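K.L.:
pasting the sequence and the predicted coordinates here, then a few questions.
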Amino acid sequence: MLRTRMLAFALVGLLFAGNAAAQDWFGVRSGYPLGVTLHYGVGNALGNGADLRISGRLVASSGGVRFGLAADALLNVFVDGPIDAYVGAGPSIEFGPGRADLGVQGLVGGQFRFAQVGLPQLGVFAEGSVGASLSLSGGSARIPTFGAALGFNWFF
């Protein structure tokens, strides 16, 4: 567990140091499954129009709380003024009482930026995801898994 935390902090540190000119963002989201996620995104980290988002989350389900880390590659598919739509995919890992799960997900989302009211840094978004999860601690696979989220981003 300590190694996972150290790796996550190292990745976030490299993102901060290696991409000072990009449009980065920090955000928070919540939804289904019940939980809260903090994320940090780096614009164009994976190429022109392909962003990288690193997330840490706490999820409450099945009578317990799990901690997870995820990385998503995001690609803008539509941009029109303050509205953009994106698709993405990435792996995740979650740890909880007596279990560890490795997952992969695909997602689709949309965001609205508040540039017209003088807050171009603020964005509100909604996204849905579908994926699969495999237990690394002797449990079974869950196929498919579903998620939905609503959140806020702050761009800098």
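P.N.:
It's in. Numbering: from 1, shown residues only.
K.L.:
show me where the protein has strands.
P.N.:
Using DSSP state E, the strands assigned to the chain run over residues 24-32, 35-42, 50-61, 64-80, 83-96, 99-114, 119-135, 141-155.
K.L.:
can you list the neighbours in contact with the last one?
P.N.:
Taking contacts as Cβ atoms under 8 Å, 6 or more residues apart in numbering, the residues outside strand 141-155 that touch it are 23-33, 37, 41, 101, 103, 105, 107, 111, 113, 120-135. For the C-beta atoms, the positions are set from N, CA and C on the backbone; glycine is no exception.
K.L.:
how about the strands of the chain in JSON lines, adding mean neighbour count?
P.N.:
JSON lines is the format used below for the strands of the chain (neighbours: other Cβ atoms under 10 Å):
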{"stretch": "strand 24-32", "mean neighbour count": "17"}
{"stretch": "strand 35-42", "mean neighbour count": "18"}
{"stretch": "strand 50-61", "mean neighbour count": "18"}
{"stretch": "strand 64-80", "mean neighbour count": "15"}
{"stretch": "strand 83-96", "mean neighbour count": "17"}
{"stretch": "strand 99-114", "mean neighbour count": "17"}
{"stretch": "strand 119-135", "mean neighbour count": "16"}
{"stretch": "strand 141-155", "mean neighbour count": "15"}
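K.L.:
would CSV of the ones you listed with mean pLDDT be doable?
P.N.:
Conversion of those to CSV gives the following (pLDDT from 0 to 100):
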stretch, mean pLDDT
strand 24-32, 96
strand 35-42, 97
strand 50-61, 93
strand 64-80, 94
strand 83-96, 95
strand 99-114, 95
strand 119-135, 96
strand 141-155, 95
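K.L.:
show me the contacts for the residue nearest the centre of the chain.
P.N.:
Against the mean C-alpha coordinate of the chain, by Cα atoms, centre = their mean, the closest residue is Ser55 at 4.6 Å. For Ser55, the contact set (Cβ under 8 Å, 6+ apart) comprises Thr37, Leu38, His39, Tyr40, Gly68, Leu69, Ala70, Ala71, Asp72, Ser92.
K.L.:
with Ala71 instead?
P.N.:
If you count contacts by Cβ under 8 Å, 6+ apart, Ala71 has them with Leu52, Arg53, Ile54, Ser55, Gly90, Pro91, Ser92.
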